[in-house]
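Asks: sequence-free structure coming up:
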């Protein structure tokens, strides 16, 4: 069974060297995995291709050492070249996440194959119409947001006029209802947001600063996972 079939985006970590306050990316990933995170995306706008490949290698090794190669997807933001180069070097990397202005998802699927994961962020100002009309067969999930304005990605949520549009919980619930694919939502998310997000019916949350910038990444990651999972466990017990 491929990772695409078992993909779990419920607790999704986005991390790069610019987000960790000088701490090793691999250590942040290790802490998040031990806390129960289910998906990892390597994202950096400052790292070179070779540096990104090395980060992917380290992340892949951390996931393997945790015995979660078949459970935790390792993705790379935007850089199809990095994914292909990493695979050429024998590194297990499961797929890619792109935006609408990045490499088309059809191209990603063609080069990466049917067993790879391809995620897509839709532009905020046309998100609702987009998810109803886009050809979803090459895509595994949608990324959406921001819930709040975020310093880690200041252009997140920009509309065509350059204005940041944040999403309310009501809008996110409608997005989850309309979307033919699972949706992962992020953007300035904090612990207090998780229970309300879980109630919307989305597939999961993604965070950067809430874990990568925390004084204790493992502790904060565990709190986020618990806040997401507790309502589900309670419903299952009813």
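Replies: Arrived safely, thanks for sending. From a predicted model like this one, the values you see are computed outputs, not experimental measurements. Residues are numbered from 1 along each chain as shown.

Asks: where's the residue nearest to residue 187 when sequence neighbours are not counted, which helix or strand?
Replies: Nearest residue to residue 187, sequence neighbours excluded (C-beta to C-beta, 6 or more residues apart in numbering): residue 146, at 2.1 Å. All C-beta atoms are positioned from the backbone trio N, CA, C, and that covers glycine. Remark: residue 146 resides in no helix or strand, with elements defined by DSSP states H and E.

Asks: cool, residue 184 as well?
Replies: Going by DSSP H and E, residue 184 is part of strand 183-186.

Asks: kindly report the same for residue 61.
Replies: helix 49-65.

Asks: show the average pLDDT along that helix.
Replies: Helix 49-65 comes out with an average pLDDT of 98.

Asks: now the residue nearest to residue 187: how far from residue 188?
Replies: Going from residue 146 to residue 188 by C-beta to C-beta, to the nearest Å gives 6 Å.

Asks: which strand or helix spans residue 149?
Replies: For residue 149, there is no host helix or strand (DSSP H and E).

Asks: what about it, how many residues nearby?
Replies: 14 (other C-beta atoms under 10 Å).

Asks: how about the worst-scoring helix or strand of the chain on mean pLDDT: buried residues?
Replies: Of all helical and strand segments in the chain, the minimum by mean pLDDT, DSSP states H and E falls on helix 127-133, at a mean of 78. Within helix 127-133, the residues scored as buried using 16 or more other C-beta atoms under 10 Å are 127, 128, 130, 131.

Asks: quick one: the helices in the chain?
Replies: 25-35, 49-65, 80-88, 105-112, 127-133, 169-178, 194-199, 209-212, 217-237 (DSSP state H).

Asks: out of the ones you listed, flag the one nearest residue 95.
Replies: Distance to residue 95, taken as C-beta to C-beta, is lowest for helix 105-112 among these, at 6.2 Å.

Asks: quick one, that closest one and helix 80-88 angle?
Replies: Counting by axes from the mean of the first three to the mean of the last three C-alpha atoms, to 10 degrees, helix 105-112 lies at 20 degrees to helix 80-88.

Asks: use 6 as the first number from now on
Replies: All set: I'll call the first residue 6, so the last point we hit is now helix 110-117.

Asks: run through who's touching helix 110-117.
Replies: The contact list for helix 110-117 (C-beta atoms under 8 Å, 6 or more residues apart in numbering) reads 85, 88, 89, 100, 101, 103, 121, 123, 125, 143, 144.

Asks: re earlier: what angle sits between the helix holding residue 66 and helix 85-93?
Replies: Orientation of helix 54-70 against helix 85-93 (the same axes, to 10 degrees) gives an angle of 50 degrees.

Asks: hmm, who's touching helix 54-70?
Replies: 21-22, 29-31, 34-35, 38, 45, 47, 49, 52, 74, 77, 79, 81, 84, 86-88, 90-91, 94, 96-98.

Asks: many thanks, have a good one.
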